[in-house]
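Engineer: with the sequence up front, the predicted model follows.
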Amino acid sequence: MALRTIRTEGDEVLTKKCRMVTEMTPRLRELVQDMLDTMYDASGVGLAAPQVGVLRRIVVIDVGDGPLVLVNPEIVEQSGEQTGEEGCLSVPGMSGVVTRPQHVKVRAQNEDMETVEYEGDDLLARAFCHELDHLEGRMYTSLVEGELHEVTYSEEEDDADE
Ligand code: NI
């Protein structure tokens, strides 16, 4: 298990657009494993490669149903709307209200570069949107309605950082 340092807001790597992955090299495979280790260690539900300083289109997500590895992900369908609290491992201790689609379907490649499709509602749909935004250099803080605020203890139980 290898943990990588999570970059925090203000680090300009978080504002840059990521490059496509054309081949799953041993080095990128190691990155995927490290991203999963780092996400679980930080009790997050999602992590994107730029959050560990790598400008590649790779995302890992686990909202409690097991790990998803998304390489070169794109949203192919979305519908509905949900408004709720969102957080990010790169903005520790903070949370804000963001409106996202209620249902999202993504197409990506897995760590073996096979095409996969996943769809989800609620937190999973939110995580897809949040993590894919990271690949464009977009932080959820730019989408927050009202004020970003400190996470309180009562919220921490079901808080999900991505
Ligand atoms: Ni995030």
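Structural biologist: Now that the structure is in, tell me what you want to look at.

Engineer: who in this structure is up against the ion?
Structural biologist: Contact residues (Cβ under 5 Å from the ion) of the chain with the ion: Cys88, Glu162. (C-beta placed from N, C-alpha, C; glycine too.)

Engineer: whichever residue of the chain sits closest to the ion: neighbour count?
Structural biologist: The minimum distance from the chain to the ion, using Cβ to the ion, falls at Cys88 (3.2 Å). By other Cβ atoms under 10 Å, 28 other residues sit near Cys88.

Engineer: tell me the contacts of it?
Structural biologist: Glu9, Met94, His130, Met139, Tyr140, Thr141, Asp161, Glu162 (Cβ atoms under 8 Å, 6 or more residues apart in numbering).

Engineer: burial check on the fourth one, number of neighbours?
Structural biologist: Neighbour count for Met139, taken as other Cβ under 10 Å: 17.

Engineer: which is the next helix or strand following the host helix or strand of Glu85?
Structural biologist: Glu85 belongs to strand 82-86 when assigned by DSSP states H and E. Note on strand 82-86: by DSSP H and E, the next helix or strand toward the C-terminus is strand 94-100.

Engineer: now do the buried residues in the strand holding Glu85.
Structural biologist: The neighbour-count check on strand 82-86 (16 or more other Cβ atoms under 10 Å) flags Gln82, Glu85, Glu86 as buried.
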